[in-house]
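Q: Here is a sequence with its predicted model. Questions after.
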Amino acid sequence: MPQSIGHTIGSFLAFVSFLVPPVAGGYFAARFARTLPRLHVLVVGVLGALLSLLAFRASPRAMAAYAVTSLVLAALGGYLRLRSAPKEDEA
């Protein structure tokens with residue numbers, strides 16, 4: 001396998017591993033919350049942002065960007081779940 005293909009695959013996997021956990025966390029927080037699903041999504045997003053700040057060592061600007069992106073992606077996961085959830089009036 002040429003070096004550039006291996007580097008491309010590694011970059012793609014790193015990109016996917018950056019996107020999937022916050023979106024999945026927000027989705028499942030909204031899915032399994034009995035009450036106040038938006039608050040649960042916010043809590044999961046904040047916890048994910050804090051864990052990312054503890055886990056990664058980078059410049060302060062990069063760490064802040066990663067934390068904000070983690071919050072936004074968790075909100076996206078919660079939005080996807082709440083958009084597809086049946087309304088209480090319809091049930």
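A: Okay, I see it.

Q: pLDDT score for Ala29?
A: What the model reports for Ala29 is a pLDDT of 95.

Q: Could you do Pro60 as well?
A: Per-residue confidence (pLDDT) for Pro60: 84.

Q: again, but for Gln3
A: 68.

Q: In this structure, spot the helix with the most residues.
A: Longest helix of the chain, by residue count under DSSP state H: helix 3-32.

Q: which other helices and strands contact that one?
A: Packing partners of helix 3-32 (3 or more C-beta pairs under 8 Å, 6 or more residues apart in numbering; DSSP states H and E): helix 37-55, helix 60-84. Using the backbone N, CA and C atoms, a C-beta is placed for each residue, glycine as well.

Q: if I look at Ser17, how far off is Ala85?
A: Distance, Ser17 to Ala85, by C-beta to C-beta, to the nearest Å: 27 Å.

Q: Between those two, point out the one with more neighbours.
A: Ala85 (12 against 9; other C-beta atoms under 10 Å).

Q: Leaving out the residues flanking it, which one is nearest to the residue nearest the centre of the chain?
A: Residue closest to the average C-alpha location in the chain (C-alpha atoms, centre = their mean): Pro22, at 1.4 Å. Of all residues not flanking Pro22 in the chain, Leu73 sits nearest, at 3.7 Å (C-beta to C-beta, 6 or more residues apart in numbering).

Q: Isn't that neighbour up against Val41?
A: No - using C-beta atoms under 8 Å, Leu73 makes no contact with Val41, being 10.7 Å away.

Q: what is in contact with those two at once?
A: Gly26 (C-beta atoms under 8 Å, 6 or more residues apart in numbering).

Q: about what we covered before: so the residue nearest to the centre of the chain makes contact with Ala74?
A: Yes - contact criterion C-beta under 8 Å: Pro22 and Ala74 qualify, at 4.6 Å.

Q: what touches both of those two?
A: Common neighbours of Pro22 and Ala74, using C-beta under 8 Å, 6+ apart, are Gly45, Gly48.

Q: Now distance to Ser11 and mean neighbour count too, for the helices and strands packed on helix 3-32, in TSV please.
A: Formatted as TSV, the helices and strands packed on helix 3-32 follow (distance: least, C-beta to C-beta, whole Å; neighbours: other C-beta atoms under 10 Å):
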stretch	distance to Ser11	mean neighbour count
helix 37-55	19	17
helix 60-84	16	17
